Structure formats: C-alpha cells, structure tokens
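> Could you look at this predicted model? Sequence included:
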Amino acid sequence: QVQLVESGGGLVQAGGSLTLSCVASGDTICISEWGWYRQAPGKERELVAVITSLDTTYSSDSVKGRFSISRDKDKRTVALQLNSLKPEDTAIYYCHAGHDPSSYWCTDDDDAWGQGTQVTVRS
C-alpha cells in the first residue's frame, strides 16, 4: 500500500505563497490520480487540485489561477504551489492517492491519505 507524508505548511500573510510537498512510498502501481484536499474548521473536506498519471490537472474554482499542482515521478513527489493566499485558504491540507477504477486488480483499499499539513493565512 501507499504511504503519503506531507510537508510545507505554515503561517503566512495574505498575498503570500507556500509550497506543499507530498512524498509517496510503497507500492504505487494501482495509483492513477494524485490530489490535494483541504478541510477548514467546521467544514467538510474539499478537493483542491488533482493530477493524473497522464499529467492532466484539475483545480477547483476557488483556487484556479492561484494554486497549481505538479508531480515528479522520479522523486515520487506531488507538489501544490499556493500563491496569492487568502485567509479563507486556511485549512489542513491533505495529500491523496487514488486508485485506477478501470483496473480489475485495484480497489478502494489501494487509496491513501497523508496525515495533513496546516496552512494558516493571516489577514
């Protein structure tokens, strides 16, 4: 199974930038999609951005144009660049690895979450 470890969170002023990193270890053969989610206090976890094994990306409307997702296959790392941060971006950010749903061999059990990294944006 995949293990994910995030880093890079912190406290930043509004308008500032951060880079979050997620390093994967273990067997990633079933993983076809890498994503970042976030959860603010009192709110549900929401999708921020996703990158597929074909390097197709998707970002939610709330972060489009400000955040970007990328991955380094050799380093088994997925990064989230956060620019023009706003106080409403304050949340715990989680890395996620999603299995290939078209694969006969891969199931939900192959999905993984990181432990989360806190991002706090001060106004």
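Thanks, I have the structure now.
> Gly16 should be in a strand, yeah?
No: counting by DSSP: H, G, I helix; E, B strand; the rest coil, Gly16 falls outside a strand, being coil.
> Contacts only, for the closest residue to it other than its chain neighbours.
By the measure of Cβ to Cβ, 6 or more residues apart in numbering, the closest residue to Gly16 outside its immediate chain neighbours is Leu85, 5.4 Å from it. Any C-beta I mention is one placed from the backbone N, CA and C, and that applies to glycine too. Residues in contact with Leu85 (Cβ atoms under 8 Å, 6 or more residues apart in numbering) are Val12, Ala14, Gly15, Gly16, Ser17, Leu18, Arg66, Val119, Val121.
> which stretch of helix or strand covers Leu85?
Secondary structure from DSSP states H and E places Leu85 outside every helix and strand.
> mind checking how far it is from Val121?
Going from Leu85 to Val121 by Cβ to Cβ, to the nearest Å gives 5 Å.
> Can you pull the residues that touch both of these two?
Common neighbours of Leu85 and Val121 (Cβ under 8 Å, 6+ apart) are Val12, Ala14, Gly16.
> Nearest to Ala97 among those residues?
Checking the shared contacts of Leu85 and Val121 against Ala97 with Cβ to Cβ, the nearest one is Val12 at 26.2 Å.
> So what sits opposite that closest one in the bridge?
Val121 (DSSP bridges).
> my guess is it meets Arg122, correct?
Yes: contact between Val12 and Arg122 holds when scored by Cβ atoms under 8 Å: they sit 7.2 Å apart.
> out of the two, which sits in the more crowded spot?
Val12 (17 against 11; other Cβ atoms under 10 Å).
> looking at the sheet around the residue sitting nearest the centre point of the chain, what are its partners?
In the chain, the residue lying closest to the centroid (Cα atoms, centre = their mean) is Trp36, at 1.9 Å. Bridge pairing for Trp36 (DSSP bridges) gives the partners Ala49, Cys95.
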